[in-house]
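A.B. asks: sequence? don't have it. structure:
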Ligand SMILES: Cc1cc2nc3c(=O)[nH]c(=O)nc-3n(C[C@H](O)[C@H](O)[C@H](O)COP(=O)(O)OP(=O)(O)OC[C@H]3O[C@@H](n4cnc5c(N)ncnc54)[C@H](O)[C@@H]3O)c2cc1C
């Protein structure tokens, strides 16, 4: 694989950086990456990106994009991630492309332009109390009654449902077919009668949500793909969801280095060989994260399946974040445990916060144990082990 940026990519990046440095954009920058994800509901920000021609840059022109390459789309998301700006990842990178691939002409016309302008954003409704890693065991039902489905069930850990306009919902449409074959994907407006969203607070003080669906009527025209064929839609969308940006970690690492170099109490760390060794290893690992995430984009541009490569980058980036914040908390002393807002907290308390946030990134998008299984089977061609 060629990891060099072409002249075209370099020009795109220069222009993008210049745009993102404007004060009217910078006012949307947040404290850290988790805060940026929480702020994703800021529709005014996405409208501004759209007006500047950047939203959906990698989407085909016929759907309002610019026909840009996956590398340009990757550069774009990484730049937002580095600056702790909202990204709208799930809607733009996962739901939108899945709609482009599986949606009807009418669905594309209805949803895609509004996704780009920031009017619509999606929460992804897969997980349930008894269905996480084993998603095919999901129990939410959608029973066909004429032109509508009657939907009943419960979802858990649904990121962004507290501000999203729609739910990209996985529901069982056949009890008779084998588990994977009886599932369909439905688009459900969050404000549809019978939908209740209840916030769940995470250990990092963030929000995710439970969703209760009680006799919710969903038009058959809101089904994406064929009835009972939702597994193909879900797996395609999940492949795209897992290529987490690495730049947020890179930025946190830069902050850690700056704190080590600048703070009086921390400066002596740089005389400790063991600490320096660890920092050097982390620097190499951040670069590996850049290459792993870029490789996914390269493969997409080549038309080569990127499932295993996506899982690799997800495992690497999420675990690197945890190692990096662990190193910060181990070496910066007791003060590193001070939270955001505490005057004495090194790095403004970001390390303490990210330390609580980082374990969740090993779970969201599918737990890392399952990703390792995907890498073994799809990447290395190994056979499934007995459990
Ligand atoms: C930050 C965050 C955001 C999320 N956002 C969403 C969202 O927007 N939409 C959504 O639908 N869901 C979301 N989820 C839910 C997430 O997809 C599930 O939590 C995840 O798939 C794991 O499911 P589970 O919690 O039921 O754990 P389980 O599947 O019960 O797994 C528990 C543990 O068992 C082990 N395990 C399970 N299966 C295997 C296996 N096959 N091999 C080896 N070990 C295994 C692992 O150690 C795993 O950590 C989010 C979760 C988090 C933390």
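C.D. replies: In hand now; what should we look at? All of these numbers come straight from a predicted model, not from anything done at the bench.
A.B. asks: please list all residues in contact with the residue of the stretch 101-250 of the chain found nearest the ligand.
C.D. replies: Using C-beta to the nearest ligand atom, the closest approach of the stretch 101-250 of the chain to the ligand is made by residue 132 at 1.9 Å. Backbone N, C-alpha and C define where each C-beta goes, glycine included. For residue 132, the contacting residues are residue 367, by C-beta atoms under 8 Å, 6 or more residues apart in numbering.
A.B. asks: quick check: pLDDT value at it.
C.D. replies: Residue 132 carries a pLDDT value of 95.
A.B. asks: how far away is it from residue 88?
C.D. replies: 24 Å (C-beta to C-beta, to the nearest Å).
A.B. asks: quick one: neighbours of residue 190, just the number.
C.D. replies: 21 (other C-beta atoms under 10 Å).
A.B. asks: try residue 69
C.D. replies: Neighbours around residue 69, by other C-beta under 10 Å: 19.
A.B. asks: what sits against it?
C.D. replies: 9, 58, 297, 301.
A.B. asks: can you name the residues of this protein that neighbour the ligand?
C.D. replies: 124-127, 132-133, 157-159, 208, 360, 363-364, 366-367, 369-370, 373 (C-beta under 6 Å from any ligand atom).
A.B. asks: rerun that using 8 Å as the cut-off
C.D. replies: With C-beta under 8 Å from any ligand atom as the criterion, the chain meets the ligand at residues 90, 123-127, 129-135, 155-161, 170, 202, 206, 208, 360-370, 372-373, 387.
A.B. asks: after the longest helix seen in the chain, which helix or strand is next? Please name it.
C.D. replies: In terms of residue count, the longest helix belonging to the chain (DSSP state H) is helix 273-302. Of the helices and strands lying after helix 273-302 in sequence (DSSP states H and E), the nearest is helix 307-331.
A.B. asks: and that next one, what does it pack against?
C.D. replies: helix 230-241, helix 247-262, helix 273-302, helix 350-361, helix 368-374 (3 or more C-beta pairs under 8 Å, 6 or more residues apart in numbering; DSSP states H and E).
A.B. asks: which pair of the contacts of residue 69 spans the longest distance?
C.D. replies: Greatest spacing in those, by C-beta to C-beta: 9 and 58 (12.1 Å).
A.B. asks: got any residues that touch both of the two?
C.D. replies: By C-beta under 8 Å, 6+ apart, residue 9 and residue 58 have these common neighbours: 69, 72.
A.B. asks: could you check which of those two is surrounded by more residues?
C.D. replies: residue 58 (24 against 16).
A.B. asks: quick one, phi psi at the more buried one?
C.D. replies: Phi and psi for residue 58, reported as degrees, to the nearest 10, are phi -90, psi 0.
A.B. asks: and it, what does it touch?
C.D. replies: For residue 58, the contacting residues are 65, 66, 67, 68, 69, 70, 72, 73, 76, by C-beta under 8 Å, 6+ apart.
A.B. asks: coming back round to it: roughly how far does the residue of the stretch 101-250 of the chain closest to the ligand sit from residue 155?
C.D. replies: From residue 132 to residue 155 the distance is 11 Å (C-beta to C-beta).
A.B. asks: what's the answer for residue 248, then?
C.D. replies: As judged by C-beta to C-beta, residue 248 and residue 155 stand 26 Å apart.
A.B. asks: do residue 318 as well
C.D. replies: 22 Å.
A.B. asks: from the contacts of residue 58, which land in helices?
C.D. replies: 70, 72, 73, 76.
A.B. asks: now those: which count as buried?
C.D. replies: 70, 72, 73, 76 (16 or more other C-beta atoms under 10 Å).
A.B. asks: hmm, the third one is touching residue 60, no?
C.D. replies: No - the pair residue 73 and residue 60 fails to qualify as a contact (C-beta atoms under 8 Å) at a distance of 11.9 Å.
A.B. asks: how near is the residue located most distally from the centre of the chain to the ligand?
C.D. replies: For the chain, the largest distance from the centre (C-alpha atoms, centre = their mean) belongs to residue 271, which lies 37.9 Å off. According to C-beta to the nearest ligand atom, to the nearest Å, residue 271 stands 38 Å off from the ligand.
A.B. asks: any idea of the pLDDT on that residue?
C.D. replies: 79.
A.B. asks: ok, now the one 3 residues further on?
C.D. replies: Confidence at residue 274, expressed as pLDDT, is 86.
A.B. asks: low-confidence ranges, the protein, go.
C.D. replies: Across the chain, the ranges flagged by pLDDT under 70 are 39-41, 263-267, 385-387.
A.B. asks: longest strand anywhere in it?
C.D. replies: strand 207-219 (DSSP state E).
A.B. asks: pull the distance from that strand to the chain's centre.
C.D. replies: How far strand 207-219 lies from its chain's middle: 21 Å, per C-alpha atoms, centre = their mean, to the nearest Å.
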